[in-house]
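Novice: Return a 3D structure for these sequence lines:
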Amino acid sequence: MYEMSQITNNNNNNHHNNDLTSMDTSDDDDSDQKSNNNNSYKERRREAHTQAEQKRRDAIKKGYEDLQLLVPSCTQQDAVSSYKLSKAAILQRSIEYIQTLQQQKHKREKELQTLRKEVLGLEIMRNNYEQMVHQQQQQQQQQQQRRQQQTSQQSSQISSDLMNYNNNEHQMISDEMKFEIFKTLCDGLFLSFDDSVNVGSFNQLSACTFRWLEDQCQPRNLRQIMVQILEQLKTQIA
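Specialist: Below you'll find the predicted structure:
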């Protein structure tokens, strides 16, 4: 009876030991699997990092190659010499090329601004002349003929008087008198200019100035003014 009990206990102990051994083996397998999983994850992560780094380097390399093709001095250097430009040289020449482009852009903007001002001035002149032509076309032909006839008669009379005056040996025209005639002419033109010109804006000033020149500084008008001055001179001398 005792032997049977001992055998039973031994069997139970053996079974328990087998269970413990099986559990230890299972734990070791789980640990190995976890270790393998960790190693596999690290390898995948390292590989992904390596690929990303390679892509970054390839992108930088391609960027320098494209930049070298865009900069003329880099392209010319490659054609002349066989050695390869460094990245620092490419960047420096790129900066110089950008500065050159900016200077050219600024110069062209100034030229464009100058041309725009010239175009604006020409447009103002064209509009002014068109207005003057339109106004002149509206003038009556009869008034022009009458003025010309009156001016011609007055000029003939003054010319005759001057000829008679020049024939007089006892009379002389001094330099002061000549200056007075010229001054009187300029004063009359200035008064006419001052009455005709509006300085409210540049466009108004330009329009009034051109209109005044075409209207008041024509030969017939200047002749009429000079006739009046000479008439006054004749009265003073007489």
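Novice: Now do the helices in the protein.
Specialist: 2-70, 72-80, 87-138, 141-166, 175-196, 202-216, 219-237 (DSSP state H).
Novice: Which of those helices has the lowest mean pLDDT?
Specialist: Among the helices of the chain, helix 141-166 carries the lowest mean pLDDT, a mean of 63.
Novice: Measure how buried Ser192 is and give me the count.
Specialist: Using other C-beta atoms under 10 Å, Ser192 is surrounded by 16 other residues. Placement of C-beta: from N, CA and C, glycine included.
Novice: Now it: closest residue in space, sequence neighbours ignored.
Specialist: Gln216 (5.0 Å; C-beta to C-beta, 6 or more residues apart in numbering).
Novice: Next up, the contacts around that neighbour.
Specialist: 189, 192-193, 196 (C-beta atoms under 8 Å, 6 or more residues apart in numbering).
Novice: Now the buried members of these.
Specialist: For the contacts of Gln216, a burial check counting by 16 or more other C-beta atoms under 10 Å picks out 189, 192.
Novice: State the distance from Glu53 to Lys87.
Specialist: 18 Å (C-beta to C-beta, to the nearest Å).
Novice: These two: who's more crowded?
Specialist: When neighbours are counted by other C-beta under 10 Å, Glu53 and Lys87 differ, and Lys87 comes out ahead with 13 against 10.
Novice: Not counting sequence-adjacent ones, nearest residue to the more buried one?
Specialist: Nearest non-adjacent residue to Lys87 (C-beta to C-beta, 6+ apart): Tyr64, at 5.8 Å.
Novice: what about that neighbour, how many neighbours?
Specialist: 17.
Novice: Then Gln68?
Specialist: 20.
Novice: Adjust the sequence numbering to begin at 812 for everything that follows.
Specialist: Got it, the first residue is 812 from now on, which makes the last one we talked about Gln879.
Novice: Report the contact partners of it.
Specialist: Gln879 neighbours (C-beta under 8 Å, 6+ apart): 885-886, 889, 896, 901.
Novice: Among these, name the buried ones.
Specialist: By 16+ other C-beta under 10 Å, the contacts of Gln879 give 885, 896, 901 as buried.
Novice: gap between the first one and Gln948?
Specialist: Applying C-beta to C-beta, one obtains 66 Å for the distance of Cys885 from Gln948.
Novice: from the contacts of Gln1027, which is closest to Leu1041?
Specialist: Nearest to Leu1041 among the contacts of Gln1027 is Leu1000, at 15.9 Å by C-beta to C-beta.
Novice: And that closest one, how far from Gly1011?
Specialist: Counting by C-beta to C-beta, the gap from Leu1000 to Gly1011 is 22 Å.
Novice: do Lys898 as well
Specialist: Using C-beta to C-beta, which is the criterion applied here, Lys898 is 63 Å from Gly1011.
Novice: What is the neighbour count of Leu912?
Specialist: Counted with other C-beta under 10 Å, residues neighbouring Leu912 total 10.
Novice: One more: the one 10 residues further on?
Specialist: Burial of Glu922, expressed as a neighbour count using other C-beta under 10 Å, amounts to 10.
Novice: Ok, Gln942 next?
Specialist: Neighbour tally, Gln942, other C-beta under 10 Å: 13.
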